[in-house]
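>>> A predicted structure for the sequence below; I have some questions about it.
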Amino acid sequence: MRASGILMPVFSLPSRYGIGSFSKSAYQFVDMLKKAGQKYWQILPLCPTSYGDSPYQSFSTYAGNPYFIDLDQLIEEKLLTRKECQACDFGDDPQDIDYGKLYENRFKLLRKAYERANVGEDQEFEAYRRENAWWLDDYALFMAVKDRFDGVAWNEWAEDIRLRWSNAMDYYRRELYYEIEFYSYLQFVFMKQWKKLKNYANINGIEIIGDIPIYVAFDSADAWANPELFQFDSENLPTAVAGCPPDGFSADGQLWGNPLYRWDYHRETGFDWWIRRIAYCSELYDVVRIDHFRGFDEYYSIPYGDTTARNGHWEKGPGIALFEAAKNRLGELNIIAEDLGYITDSVKKLVADSGFRE
């Protein structure tokens, strides 16, 4: 059966507070899709944006973007006031997102909501923290420590916490207790609001197509907490990074800078990290689109420190073994393989063998 839908990033929805969110506009968009006879709402990654404000360079592959938290719902819950929200400067161009002003002002509002929420007595919040501790603990600590070091990348932190020495981890968990709790609270609110919106879409016959970026950012909780997953040296710095080669559109190619995976390690662990990532996204969305799918067949490796992608070369990826392992653990997967770029015969075979849609 053929079906159609519309790509609409959450951040592009109309908003009075500087950026699209899980607000009334999102619910109205679902209503519009239903009225137009559409079946899918495709979005871009929901993860927090880091430098460059791109959802493909995120502080976490699991966390949600706090900017998407609907402030009006926090007003209804009496955690914020309309006056407080309207007094914030989120920029004056309704056609443009001013990420600088969002960064300066949005978190101040969210911190007020956290301070008024009395999360210490909220059993639902505590249950959320326990259920998601496997990724949330590292993410919340990462963000709190990043704030302590004035926002610099984790490779510029003090050596003890950069390399996650146990005494340093204990120290910062105690020292930054409330900051860690704040970042955990933001994820709790994000997920509660997202599940409410997704449920509304599903009830109205609309399925959400979400997005898994193939790579994670170097400056992320994922890379800091799990250096063994990546092609890092003894100081946890990349030995090679991701990108794509020169072509008719770019004489120097594209230097993305994301760390590359140690696929030998992933094979040894039965692709456990990737399978948990796919499982998590399969709960978050109805259909999962995997970005840069050709990278699982072959990926482009650029020496770390190069300023262009000219000196890169192709390496073999994990191939069908990853997706066979995922299907063995998770069952049939509702996945779309992104097919942009120069697609070789071996990539076409991988897509065919996987059974995924293009």
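Happy to help now that I have it.

>>> all helices for the stretch 251-358 of the chain, in order.
Using DSSP state H, counting those that start in this stretch, the helices of the stretch 251-358 of the chain run over residues 263-268, 272-284, 320-330, 345-354.

>>> Of all those, which one comes closest to Y103?
With respect to Y103, and counting by CB to CB, the nearest of the helices of the stretch 251-358 of the chain is helix 272-284 at 24.3 Å. Glycine gets a C-beta too; all of them are placed from N, C-alpha and C.

>>> so how far is that closest one off the chain centroid?
Centroid separation for helix 272-284 versus its chain: 12 Å, with CA atoms, centre = their mean, to the nearest Å.

>>> who touches that helix?
In this structure, residues lying in contact with helix 272-284 by CB atoms under 8 Å, 6 or more residues apart in numbering are 46, 61-62, 134-135, 194, 198, 210, 212, 226, 229, 266, 288, 322, 325-326, 329-330, 333-335.

>>> let's see it at 7 Å
The set of residues that contact helix 272-284 without belonging to it, under CB atoms under 7 Å, 6 or more residues apart in numbering, is 61-62, 210, 212, 226, 229, 266, 288, 322, 325-326, 329-330, 333.

>>> Got a PyMOL select line for the buried ones in these?
Selecting in PyMOL just the buried members of the contacts of helix 272-284, where the criterion is 16 or more other CB atoms under 10 Å, is done with this command:
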select buried, resi 61+62+210+212+229+266+288+322+325+326+333
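
>>> and R310, what does it touch?
Shown here is R310, whose contacts under the criterion CB under 7 Å, 6+ apart are P246, D252, G253.

>>> And the contacts of helix 272-284, which is closest to F190?
Taking CB to CB as the measure, F190 sits nearest to Y62 out of those, at 11.1 Å.

>>> Got the phi and psi for Q193?
As for Q193, its main-chain torsions (degrees, to the nearest 10) stand at phi -70, psi -40.

>>> tell me the contacts of it?
Shown here is Q193, whose contacts under the criterion CB under 7 Å, 6+ apart are F22, I69, D70, Q73.

>>> so how far is V152 from it?
Counting by CB to CB, to the nearest Å, the gap between Q193 and V152 amounts to 30 Å.

>>> just so I have it, where are all the strands in the stretch 201-350 of the chain?
If DSSP state E, counting those that start in this stretch is used as the criterion, the strands of the stretch 201-350 of the chain fall at 207-212, 240-244, 254-259, 287-290, 298-303, 313-316, 335-337.

>>> of the contacts of R310, closest to P9?
Here the nearest of these to P9, counting by CB to CB, is G253; it sits at 26.2 Å.

>>> what's the spacing between the nearest residue to that closest one once chain neighbours are set aside and L186?
Residue nearest to G253 in three dimensions, not counting chain neighbours: A309, with 2.9 Å by CB to CB, 6 or more residues apart in numbering. To L186, A309 is 35 Å away according to CB to CB.

>>> go on, T344?
Separation of T344 from L186 (CB to CB): 42 Å.

>>> Of these two, which one has the most company?
Counting neighbours by other CB atoms under 10 Å for T344 and for L186 shows that L186 has the greater number, 23 against 13.

>>> Contacts only, for that one.
Listed by CB under 7 Å, 6+ apart, the contact partners of L186 are P66, I69, L110.

>>> May I ask which of these has the most neighbours?
I69 (24 neighbours).

>>> mind listing what the closest residue to D222 other than its chain neighbours touches?
Counting by CB to CB, 6+ apart, V216 is the residue found nearest to D222 once chain neighbours are left out, at 4.5 Å. In this structure, V216 makes contact with T61, D222, A223, N258, judged by CB under 7 Å, 6+ apart.

>>> And for the third one, the neighbour number?
Here the count is done by other CB under 10 Å, and A223 has 23 residues near it.

>>> Distance check, it against R173.
In this structure, A223 lies at 20 Å from R173, with CB to CB as the measure.

>>> do the same with the last one
According to CB to CB, N258 stands 28 Å off from R173.

>>> These two: which has the busier surroundings?
Applying other CB under 10 Å to N258 and R173 shows that N258 carries more neighbours, namely 21 against 15.

>>> mind checking pLDDT for the more buried one?
pLDDT for N258: 95.

>>> wouldn't it be in contact with A242 here?
Yes: with contact defined as CB atoms under 7 Å, N258 and A242 form a contacting pair (4.3 Å).

>>> which regions of the chain lie under the pLDDT threshold?
Counting by pLDDT under 70, the chain has low-confidence residues at 1, 340-342, 358.

>>> hang on, the earlier thing: closest to F142 out of the contacts of Q193?
Proximity to F142 was ranked across those by CB to CB; first place goes to I69, at 19.2 Å.

>>> what residues are up against that closest one?
For I69, the set of contacting residues under the criterion of CB under 7 Å, 6+ apart consists of S21, F22, L110, L186, V189, F190, Q193.

>>> from the residues you listed, which is closest to G100?
Proximity of the contacts of I69 to G100 was ranked by CB to CB; the top entry is L110 with 16.6 Å.

>>> ok but the closest one is inside a helix, no?
Yes: membership of L110 in a helix is supported by DSSP: H, G, I helix; E, B strand; the rest coil.

>>> gap between it and A3?
Plainly put, L110 is 37 Å away from A3 if you go by CB to CB.

>>> Save the contacts of V216 as JSON lines, and put in distance to R277 too.
Shown next, in JSON lines, are the contacts of V216 (distance: CB to CB, whole Å):
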{"residue": "T61", "distance to R277": "6"}
{"residue": "D222", "distance to R277": "9"}
{"residue": "A223", "distance to R277": "14"}
{"residue": "N258", "distance to R277": "15"}
